[in-house]
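Engineer: predicted model follows, preceded by the sequence.
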Amino acid sequence: MLVAAAVCPAPPLLVPEVAAGAAAELGDARTACSDALAVLAASRPDLLVVVGAADRDHGGPYPQGARGSFRGFGVEADVQLGEGDEGPRMLPAPLAVGAWLLDHARWGAAPVEGFGIAEPLDDTVHCLQAGRELAARHERVALLVMGDGSAKRTLKAPGYLDERAAAFDAAAGRALAAADVAALAALDPALAAELQAAGRAPWQVLAGAAEGAGLDGRLLYEDAPYGVGYFVAAWS
């Protein structure tokens with residue numbers, strides 16, 4: 001059963017070594033992520049699962065000990081998903097950022113695993129079912145859900161400006177703030193893809209996991225630096 005969840009943005013720029021001289025620009029986001037992780041620790045889970053988007057070759061479960069790297073972003077920085085033997089696959093970037101957040105918070109409250117969402121887990125029905133299955137793994141399960149809103153919030157955004165982006169992110173923010181499972185499940189996958197909102201699928205996995213859990217939500221951070229919607233929320 002899901003007992004808590006933290007929602008965090010997934011840009012590698014959260015890692016100071018990657019951001020370099022711009023590291024301070026996401027300082028408030030990092031602080032909010034730390035606060036959300038404290039909520040997870042306080043929930044005393046039996047298992048923490050880090051959930052994030054992945055390409056087709058990197059979907060599915062990742063065991064404790066799986067490793068990730070930010071070398072592709074020009075820095076010699078590696079991470080590990082908790083302690084354990086290295087797995088056969090490298091973590092996709094969103095899960096690597098999650099692993100960095102956990103290491104930064106000195107996570108030790110429970111075993112930790114990863115789950116990458118890739119095809120065919122790219123539609124709402126499959127995402128909800130994946131969430132239900134994750135929540136059923138143990139009596140007390142917590143999720144760290146990594147994902148961004150639209151990447152089309154401004155003219156300088158990675159996807160340029162789309163006038164629909166602000167409304168999409170506002171709806172997502174309200175749902176995350178209220179732990180509104182139905183509203184997250186109602187997010188349109190096609191629209192999310194057009195707006196380059198990589199968090200849609202992870203958020204809908206969260207929606208499936210939280211069905212019937214009766215959790216309350218708090219939005220700890222909401223902004224769109226670099227034209228991308230970033231959210232931090234805590235559910236407990």
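Structural biologist: In hand now; what should we look at?

Engineer: which ones are touching the closest residue in space to Gln80 that isn't next to it in sequence?
Structural biologist: Among residues not flanking Gln80 along the chain, Arg67 sits closest, at 5.1 Å (Cβ to Cβ, 6 or more residues apart in numbering). Using the backbone N, CA and C atoms, a C-beta is placed for each residue, glycine as well. Contact analysis of Arg67 by Cβ atoms under 8 Å, 6 or more residues apart in numbering lists 78-81, 86-87, 90-91.

Engineer: stretch 37-47: which residues count as buried?
Structural biologist: Within stretch 37-47, the residues that qualify as buried are 37, 39-41, 43, 45, 47, counting by 16 or more other Cβ atoms under 10 Å.

Engineer: worst-scoring helix or strand of the protein, pLDDT-wise?
Structural biologist: Lowest mean confidence among the helices and strands of the chain (mean pLDDT, DSSP states H and E): helix 16-19, at a mean of 90.

Engineer: what's the spacing between it and its chain's center?
Structural biologist: Put simply, helix 16-19 sits 19 Å off its chain's centre (Cα atoms, centre = their mean, to the nearest Å).

Engineer: pull the CA atoms of that helix into PDB?
Structural biologist: The C-alpha trace of helix 16-19 is given here as PDB (Å, rounded to 0.1, in the frame of the first residue of the first chain):
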ATOM      1  CA  PRO A  16      25.300  21.100  -8.900                       C
ATOM      2  CA  GLU A  17      28.200  19.600 -10.700                       C
ATOM      3  CA  VAL A  18      26.100  19.500 -13.900                       C
ATOM      4  CA  ALA A  19      24.700  23.000 -13.400                       C
END
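
Engineer: and after that helix, which helix or strand comes next?
Structural biologist: Beyond helix 16-19 on the C-terminal side, the first helix or strand identified by DSSP states H and E is helix 27-42.

Engineer: for the record, mean pLDDT for that following helix?
Structural biologist: For helix 27-42, mean pLDDT rounds to 97.

Engineer: just the angle between whichever helix or strand comes after that helix and helix 27-42, please?
Structural biologist: Downstream of helix 27-42, the next assigned helix or strand under DSSP H and E is strand 47-53. Relative orientation of strand 47-53 and helix 27-42, computed by axes from the mean of the first three to the mean of the last three Cα atoms, to 10 degrees: 140 degrees.

Engineer: give me the sheet partners of strand 47-53 and which way each runs.
Structural biologist: Looking at strand 47-53 with DSSP bridges, its partner strands are strand 112-117 (parallel), strand 141-146 (parallel).

Engineer: how about the strands in the chain?
Structural biologist: Assigned by DSSP state E, the strands in the chain fall at 2-8, 47-53, 60-62, 67-69, 78-80, 112-117, 141-146, 217-223, 230-235.

Engineer: which among these is found nearest to Ala135?
Structural biologist: Ala135 lies closest to strand 2-8 among those, at 4.4 Å (Cβ to Cβ).

Engineer: now the angle from that closest one to strand 230-235?
Structural biologist: Put simply, strand 2-8 runs at 160 degrees to strand 230-235, going by the same axes, to 10 degrees.

Engineer: who does strand 2-8 pair up with?
Structural biologist: Neighbouring strands of strand 2-8 in its sheet, by DSSP bridges, are strand 141-146 (parallel), strand 230-235 (antiparallel).

Engineer: just name the most buried of those strands.
Structural biologist: strand 141-146 (a mean of 28; mean count of other Cβ atoms under 10 Å).

Engineer: how far does that strand sit from the chain's center?
Structural biologist: On Cα atoms, centre = their mean, the centre of strand 141-146 falls 7 Å from that of its chain.

Engineer: want to throw the strands of the chain into a markdown table with mean pLDDT?
Structural biologist: Formatted as a markdown table, the strands of the chain follow (pLDDT from 0 to 100):
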| stretch | mean pLDDT |
| --- | --- |
| strand 2-8 | 98 |
| strand 47-53 | 98 |
| strand 60-62 | 95 |
| strand 67-69 | 95 |
| strand 78-80 | 95 |
| strand 112-117 | 96 |
| strand 141-146 | 98 |
| strand 217-223 | 98 |
| strand 230-235 | 98 |
